[in-house]
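In: Below: sequence and its predicted model.
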Number of protein chains: 2
Amino acid sequence: MTKTWIYRFDQLADAEKHAGGTWDDVRRLLGGKGANLADMTRLGIPVPPGFTVTTEACLAYLAEGDGLPDTMVAQVRDALASVEQMTDRVFGGSERPLLVSCRSGAKFSMPGMMDTVLNIGLNDETAEGLIRETGDERFVYDSYRRLVQMFGTVVLGLRDELFEHVLADARTRQGLDTDAQLPAVVLHEIVERFKGIAGRFPEDPFEQLRMAIEAVFTSWRGKRAVDYRKAAGISHDLGTAVNVQTMVFGNLGARSVTGVAMSRSGATGAPGLEGDFLVNAQGEDVVSGTRATTSLDSLEQAFPEIHAELTSVARRLEGHYRDMQDIEFTVEEGKLWLLQTRDGKRTAQAAVRIAVDMVHEGLIAREDAVLRVEPAQVDFFLHPQLSMPSRRAAVSEQRLLGRGLNVSPGAAVGVVAFDPDLAERWTGEGRTVILVRPETKPDDVHGMLAAEGIVTSRGGRTSHAALVARQFGKPAVVGVGELDIDLVRRRASVGATLIEEGDWLSIDGTTGEIFEGQLDTVVPDITDRWLSTLLGWADDFRRLRIRANADYPADAERARSYGAEGIGLCRTEHMFFETERLPIVRRMIMSDATAERRAALDELLPLQRDDFLGLFRAMKGRPVVIRLLDPPLHEFLPQHEELSDRVTDAKIRLRVAASLEDIDELLARLSEDQTLRDRVDALREANPMLGLRGVRLAMRYPEIAQMQARAVFEAACDAVDEGVDPRPEIMVPLTSHAEELRRVRALVEKEARRVLEERTAEVDYQIGTMIETPRAALIAGQLAKDAEFFSFGTNDLTQTTFAISRDDAEAGFLVEYLASGILAHNPFATIDTDGVGVLIDMATRRGRDARAGLEIGVCGEHGGDPTSIAWCHEHGLDYVSCSPYRVPIARLAAGQAALDAAG
Amino acid sequence: MTKTWIYRFDQLADAEKHAGGTWDDVRRLLGGKGANLADMTRLGIPVPPGFTVTTEACLAYLAEGDGLPDTMVAQVRDALASVEQMTDRVFGGSERPLLVSCRSGAKFSMPGMMDTVLNIGLNDETAEGLIRETGDERFVYDSYRRLVQMFGTVVLGLRDELFEHVLADARTRQGLDTDAQLPAVVLHEIVERFKGIAGRFPEDPFEQLRMAIEAVFTSWRGKRAVDYRKAAGISHDLGTAVNVQTMVFGNLGARSVTGVAMSRSGATGAPGLEGDFLVNAQGEDVVSGTRATTSLDSLEQAFPEIHAELTSVARRLEGHYRDMQDIEFTVEEGKLWLLQTRDGKRTAQAAVRIAVDMVHEGLIAREDAVLRVEPAQVDFFLHPQLSMPSRRAAVSEQRLLGRGLNVSPGAAVGVVAFDPDLAERWTGEGRTVILVRPETKPDDVHGMLAAEGIVTSRGGRTSHAALVARQFGKPAVVGVGELDIDLVRRRASVGATLIEEGDWLSIDGTTGEIFEGQLDTVVPDITDRWLSTLLGWADDFRRLRIRANADYPADAERARSYGAEGIGLCRTEHMFFETERLPIVRRMIMSDATAERRAALDELLPLQRDDFLGLFRAMKGRPVVIRLLDPPLHEFLPQHEELSDRVTDAKIRLRVAASLEDIDELLARLSEDQTLRDRVDALREANPMLGLRGVRLAMRYPEIAQMQARAVFEAACDAVDEGVDPRPEIMVPLTSHAEELRRVRALVEKEARRVLEERTAEVDYQIGTMIETPRAALIAGQLAKDAEFFSFGTNDLTQTTFAISRDDAEAGFLVEYLASGILAHNPFATIDTDGVGVLIDMATRRGRDARAGLEIGVCGEHGGDPTSIAWCHEHGLDYVSCSPYRVPIARLAAGQAALDAAG
């Protein structure tokens, strides 16, 4: 029995039988395009008839190496005969000639493969027949010269310039601008000249087709295709199929149309066809934008039956593919043909609405809807975005200044300010400001909060600027290397473009782009009812709880409104940086005597208490994890170099001081600055990341931890008095030894007893520890004895596990590592499963062995990363905590993780 | 049957039967002192007769709470009767009265317990009898007043001042200087006055004894004893025994003697008795030094039989206890009595000789000898030491200036230099120098090498100063907090003491002390034949191989002479710091273009090649582990602040420049310094420890690793030409990802192939990696695929596992952690078994699973620490590598580890 090498589009059942059970097998046999065309044919969708030469034929041809075997040739002829019958045309016929296209179609779409030859079947004789049939000589010679040109370049491998040169020459001679204006007679001439260039163009239509098929097969072994498969990890044994399909023409007069359609709005997801069409035109005219297209709405008036049919086809396709479809169609003299359908591209907004609507329409299940929306698409709802037209215009006007790291999504438009004080002042005056700095420090936070958006020329994905921006949902682009900032002259430059203070700047934190000038923005809607519905479904499926990292009551409120189930991390040091508190904090640090330090702490106590009370109120009975003071104390002091400069400056002024009063004042300032500098000197560390911070501060200055514990419990008592149920969880940072935790625990418990006795109140609280050093993970069993909860500080844990300082590396060698493929992904963005993940898993098991019911969460940046969230779900963690702005994303990701794990 | 509460010293067999099988049980029953006295008695050593009231009696007494039970009282009387019989004396008799001492004796020696009451049995009547017997009234009343005084203070709990006041009064009235001069008649009076003070002094000798026994028992529950046991973790259930022993007197005339003897020299270990004695004196006279003692050598002339007997007794005791003995003896009227024996204290030198000699004498096995010497004692042989008399004198003259960390052992004496250039110059002029700096940097190394010893006021156990000093065997004391160094005025102070440049200073790196002035030193001998023998035995027993960390051929030679079996770590960067190379290295770093960098590297190539050739020559076929460049590049550049100062200085000079030439020169210097400062700025990192160093340098600047690989293989080829068998092992530092190792491996292999082809040579080499980040340990299985060996860099691994920067912490919070007991020991000195050890163990197992025969060593500081060496042995590592100066220590420790594990 002869092998079947060919399946017509209407022979899908046979192909399925041959290929094996699954759709994947069919795609393997027929290629993606062929399978799809056959699928539509079976659905009764009008597809121009044709057939697929299988991938098996390709492999056999390549194995043989001796031209297209006779059995294949015979089967091509048979299939063509069937197509002739279906179309009532004759391939190579002088009347009603059949023209076909020939396209490659591998299982996976793949650049480097021979693409398309249209209009196969034309020669001098059939051309005359077609002219007779259509009465359109120009159309026929244009089609003919296209065939020869495509055949020459694609099948014979000639350079396209050879052909284009002839066209250009003809245009010049005729004094014309475009090919479309060339008259039939000239096109006829051109066909002849093209044939001369091509040399081997066969007049025999079947020879045209045979050579085209062989060219497709051979291109499977072409260098570009092989390289691509190597890089993409696609097997070289798949082979490619070839699709031969009847040509249809949308440019055969007033009853011919070509167009594209989405089955619903790709912009909003609203139901109803959306698209463009052109009467008497070809597909490429719609796509290339050379002619102004008409909205599909007009199609209903112009061709009501066609519109009705198209609507019905789109609905059938949606029903079949269970997704919104992007369709290419042609109407040839009143007859609708579908040339392609595929899942349509859509905005984040549309993705959400379509997924939810399709559930309501019964097309898909709630699980499908939850799995179908990318978590990153949810982010879109939380931030203003640059409007697409405005961005497009800016790019074409070359106002795109550069790209940096897209560390905090959303668009911001404002005037440039180079220092935080100015940013604050201008914002106060009602201007919107973009703060532009080489990098940011805790001192800059007031300016960052005032600004609309933040740009830095240095720093990485977890630099201070990035962390703060993400925390407060400020759009930010960091590490824009091209940006050269001159703080002295108060201006910046990108190449030749100069940016003065006060100039308008537009930034896109979603893409990392910065633009000169004032672009338009659009504001999506987080309260979007489709999004709420979708996230509600995700909540039903997920097992992981979602908490937020929030330091202020306002953050906590926002986190709640986004669905956070508690606060997973309150960084108490942020409260210390506030303008009115910093002087007290500095006094505390500068004092050598414990008594003096206590006095300063006494001033901070009521302030911290109010902070905590606000958090308890916002969280209404949900847990609030409060981390004891963590950063090295020198972070609260001015920088050493700044102080040195001040000292030098004062000395120079002394030399030219005019009066004794001036000298006295200068001396006083000098002495103060020198004292401050000495203290900064004493606190200076070679590697502050590994220095006197976290629990080590509590060991050296127990009075600080004591004040914070008191503030927590006094606030809790106040909350109880108000009828709010406070759920404080006190967290010890940077633990690396069990004894550290034991001592802090004793200290906190003692202070708790004191306060609760003073107030005769009862408050449930927990004490736990961060796991952010490798040693803490290794001794998790010991730590669990004194910890009711663990929270993995995956930022620092990643730093110490890799021995990488993120602030230095993310704008430095880590970028190179990612670029050169040493690292497949940034471990500060997505959990490093081989290293950090092993530690987390070990700590989780050892911790739970030592204490049943130990509560375990993640509060690093990874808590908001969907891939990491899936990992946390798989590894049995109880919750993730992330920035309030990432809570919706985390809810969706956690729902998807649960669904993926289930099945 | 009545319980036995009392065992006479000659009833050891009965006590053993009662106590149970082991010597420990006996000590538990009789206390340490009682067990020992009974043991000597059984050996036939002349011990004054007596008996022990058991710990069980103590516990029963305390439980009863009702005075000494009748059965005990009866048994005391019986035992006393036996002693009377043995001594032919009568307790409380008017003729030949028996006097006894009463001493506590718990299982463990313990402060806070009632100590000793001597001369029990004296009262007015027995005193008369003793006067009649001895004819020495003064002796008897002096003994009597001592009894009353001791009884009053120890048993009755009176303050000693009450008694001393009477003695002082008597001396004044007699116009005498010492109690020894008080005549009998006065002493008689004093006895009466003492009795008046004591109030309840019992005349009945048995009552004296009963009350003394009860006082001992009761003191077990005294506050000081209870506190001590709590702190030392000794059980409160042990109880104490009481020893009652016949008094003997060395002050009964010309045939009476008292003395102390060592069975061999405690200073040198040479055979033969060594000690001091006094004729007609009491034990405390020998110890207190109130009378000039005579060397035991004279005892041989004066009392040949006694000397012979003492020698024989000492030999018997050595034979029994299998160790050198420290003996207290008394000769009473020609009769030798032994009062105590215990293992003698000895110098390191003596410890080694005694252990080896005893093997040769058949007293102990070679295993015993190896186990008996502390590894730290071996260190002694490697460094000059302060002579004891000289140190003692300096302390008493208050010339001890302060204490720091004893980071590199040995003594050094020299004149103070405050900068490395001066240190080098003065050393060149033949002066010996102590370099004194706040801290040291790589730039200071030439001065450190020139100096005799190093002192810093800052820095920890692994500061630059400590590491370099240890590496080169320079005595060093770092972190001397009291030392205030003023580099501008070129002087230092400790409190009120001023140290000018050029003043003499003596330092003891073994103890961490620094002294004003010029102390004497003594130089032990490493080639000591006893030490060689002992280390040879240790080599026979050990399984761990010992390598040395050596960067220069001279270090390697020394390491070999100390017994190193290879180089475990050559830090190639040290070669870069040498004076003539640093400018080339800086040029390499300053160049932006790869070509320029290559040119500088081409200059370094022949220098590195010679370094490596020297190492191969020194190691003669033994492995040489060469680590690729590790430190951050900014370490090779001047410090930022120094450059800033230079820039400021140049600017100021510009203002007052006198000529155009000056200005030109200043401008040139300014420009150069500014360029340098910009580069330092660009290289600056927030946490250099976690920054661009180790393998990350090889990823960014592959040409550096390539040059180093070429230097290694060219040197190896040169070695082959010379007939030396080179064994290079190239080590990649700071790996945290498998891909890093894979790429460096490919680079090194490629360069190796090139060189070996150029030279048509064959060289066996290995490529391996340091494991010094937690992640490297976690992915050891992946790393082993591209590593033929692992070497744990335990310094950095400890830093990253704990998240502790050692340079900051060892002089900072780590000190407090150790002081306050949060950490039991410094993890940078001894391996942290719960954290770092778990990672090492995990990496070892995963590495060997992935590659059988993977060679695994340790090259951090821990490689020279005996406790850590034992851990490495237990955990199956192949070798440890340490500073050349610690190789002998490591050999002994490794031998001990193997014996401990076996036994």
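Out: On my side now, so go ahead.
In: Dump the host helix or strand of A:Ala719 to CSV, restricted to CA.
Out: A:Ala719 is part of helix A:702-722 when elements are defined by DSSP states H and E. Once non-C-alpha atoms are left out, helix A:702-722 reads as follows in CSV (Å, rounded to 0.1, in the frame of the first residue of the first chain):
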residue,chain,number,x,y,z
PRO,A,702,18.5,46.7,74.3
GLU,A,703,16.8,49.9,75.3
ILE,A,704,15.8,50.5,71.6
ALA,A,705,14.1,47.1,71.3
GLN,A,706,12.5,47.7,74.7
MET,A,707,11.0,51.1,73.6
GLN,A,708,9.7,49.5,70.4
ALA,A,709,8.1,46.6,72.3
ARG,A,710,6.5,49.1,74.7
ALA,A,711,5.2,51.1,71.8
VAL,A,712,3.7,48.0,70.3
PHE,A,713,1.9,46.9,73.5
GLU,A,714,0.7,50.3,74.5
ALA,A,715,-0.7,50.7,71.1
ALA,A,716,-2.3,47.3,71.3
CYS,A,717,-3.9,48.3,74.7
ASP,A,718,-5.2,51.5,73.1
ALA,A,719,-6.7,49.5,70.3
VAL,A,720,-8.4,47.1,72.7
ASP,A,721,-9.9,50.2,74.4
GLU,A,722,-11.2,51.3,71.1
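In: just checking, next helix/strand downstream of that helix?
Out: Next in sequence after helix A:702-722, counting helices and strands by DSSP H and E, comes strand A:728-732.
In: Please work out which residues outside that following strand touch it.
Out: A:569, A:612, A:616, A:623-628, A:694-695, A:698, A:709, A:712-713, A:716, A:740-741, A:744-745, A:748, A:763, A:765-770, A:788-789, A:791 (CB atoms under 8 Å, 6 or more residues apart in numbering or on different chains). Glycine gets a C-beta too; all of them are placed from N, C-alpha and C.
In: For whichever helix or strand comes after it, which helices and strands make contact with it?
Out: Using DSSP H and E, the helix or strand that follows strand A:728-732 in sequence is helix A:738-758. Counting contacts by 3 or more CB pairs under 8 Å, 6 or more residues apart in numbering or on different chains; DSSP states H and E, helix A:738-758 packs against helix A:695-700, helix A:702-722, strand A:728-732, strand A:766-771, helix A:780-784.
In: contact partners of the first one?
Out: Counting by CB under 8 Å, 6+ apart, helix A:695-700 makes contact with A:628-630, A:633, A:692, A:704-705, A:732-735, A:740-741, A:743-744, A:747, B:813, B:816-817, B:820, B:822, all of which sit outside it.
In: all helices of the stretch 201-350 of chain A, in order?
Out: For the stretch 201-350 of chain A, the helices defined by DSSP state H, counting those that start in this stretch cover A:205-219, A:223-232, A:283-288, A:296-302, A:304-321, A:348-360.
In: end-to-end on stretch A:624-631?
Out: Stretch A:624-631 stretches 20 Å from its first residue to its last (CA to CA, to the nearest Å).
In: scratch that, stretch A:716-730
Out: End-to-end span of stretch A:716-730 (CA to CA): 12 Å.
In: any weak-confidence spans in the stretch 201-350 of chain A?
Out: Along the stretch 201-350 of chain A, the parts satisfying pLDDT under 70 run over A:284-285, A:287-291.
In: picking that back up, any chance of the helices of the stretch 201-350 of chain A in a markdown table with mean neighbour count and distance to B:Phe828 as columns?
Out: Below are the helices of the stretch 201-350 of chain A laid out as a markdown table (neighbours: other CB atoms under 10 Å in any protein chain shown; distance: least, CB to CB, whole Å):
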| stretch | mean neighbour count | distance to B:Phe828 |
| --- | --- | --- |
| helix A:205-219 | 21 | 64 |
| helix A:223-232 | 13 | 47 |
| helix A:283-288 | 15 | 68 |
| helix A:296-302 | 15 | 74 |
| helix A:304-321 | 17 | 64 |
| helix A:348-360 | 23 | 52 |
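In: To chain B, which of these lies closest?
Out: Among the helices of the stretch 201-350 of chain A, the nearest to chain B by CB to the nearest CB is helix A:223-232 (17.1 Å).
In: so what does the longest helix seen in chain A touch, helix or strand wise?
Out: Secondary structure of chain A read by DSSP state H shows that its longest helix is helix A:594-619. The contact analysis (3+ CB pairs under 8 Å, 6+ apart) places helix A:594-619 against helix A:553-561, strand A:567-571, helix A:572-576, helix A:582-590, strand A:624-627, helix A:702-722.
In: I'd like the ones you listed as TSV, with mean neighbour count, distance to B:Leu449 and mean pLDDT appended.
Out: Shown next, in TSV, are those (neighbours: other CB atoms under 10 Å in any protein chain shown; distance: least, CB to CB, whole Å; pLDDT from 0 to 100):
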stretch	mean neighbour count	distance to B:Leu449	mean pLDDT
helix A:553-561	20	57	93
strand A:567-571	26	48	97
helix A:572-576	20	45	87
helix A:582-590	18	40	88
strand A:624-627	27	48	98
helix A:702-722	22	45	97
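In: Quick one, which of these gets closest to chain B.
Out: Among those, helix A:702-722 comes nearest to chain B, with 10.9 Å by CB to the nearest CB.
In: Just give the closest residue to A:Met842, not the sequence neighbours.
Out: Residue nearest to A:Met842 in three dimensions, not counting chain neighbours: A:Ala777, with 5.9 Å by CB to CB, 6 or more residues apart in numbering or on different chains.
In: Neighbours of A:Val395, how many?
Out: A:Val395 sits with 12 neighbouring residues when counted by other CB atoms under 10 Å in any protein chain shown.
In: residues near the residue of the stretch 501-650 of chain A found nearest chain B, how many?
Out: Minimum separation of the stretch 501-650 of chain A from chain B (CB to the nearest CB) falls at A:Thr648, amounting to 6.7 Å. When neighbours are defined as other CB under 10 Å, A:Thr648 has 15 of them.
In: that older thread, got the angle for the helix holding A:Ala719 vs helix A:594-619?
Out: Angle between the axes of helix A:702-722 and helix A:594-619 is 30 degrees (criterion: axes from the mean of the first three to the mean of the last three CA atoms, to 10 degrees).
In: got the contact list for helix A:702-722?
Out: Residues outside helix A:702-722 that contact it (CB under 8 Å, 6+ apart): A:572, A:588, A:594, A:597-598, A:601-602, A:604-605, A:608-613, A:616-617, A:626, A:628-629, A:697-698, A:725-726, A:728, A:730, A:744, A:747-748, A:751-752, A:754-756, A:759, A:761-763, A:765.
In: Buried members of the residues you listed into ChimeraX, please.
Out: Selection command for ChimeraX covering only the buried members of those, criterion 16 or more other CB atoms under 10 Å in any protein chain shown:
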select /A:572,588,597,598,601,604,605,608,609,610,611,612,613,616,617,626,628,629,697,698,726,728,730,744,747,748,751,752,755,756,759,761,763,765
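In: Next, report how far the longest helix of chain A is displaced from the centre of its chain.
Out: Relative to its parent chain, helix A:594-619 has a centroid offset of 40 Å by CA atoms, centre = their mean, to the nearest Å.
In: Write a PyMOL command that selects only the buried members of the contacts of helix A:695-700.
Out: The buried residues among those can be selected in PyMOL (16+ other CB under 10 Å) with this line:
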select buried, (chain A and resi 628+629+630+633+692+704+705+732+733+734+735+740+741+743+744+747) or (chain B and resi 813+817+822)
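In: Just give the nearest non-adjacent residue to A:Thr116, would you?
Out: Setting aside the residues directly before and after it, A:Thr116 is nearest to A:Arg103 in space (CB to CB, 6+ apart), at 4.9 Å.
In: Now do the contacts for the most centrally placed residue in chain A.
Out: Here the mean C-alpha position of chain A is nearest to the C-alpha of A:Ala376 (CA atoms, centre = their mean), at a distance of 5.6 Å. If you count contacts by CB under 8 Å, 6+ apart, A:Ala376 has them with A:348, A:866, A:889.
In: Report the buried residues of the helix or strand where it lies.
Out: In the assignment (DSSP H and E), A:Ala376 maps to helix A:375-379. Buried residues in helix A:375-379, defined by neighbour count with 16+ other CB under 10 Å: A:375, A:377-379.
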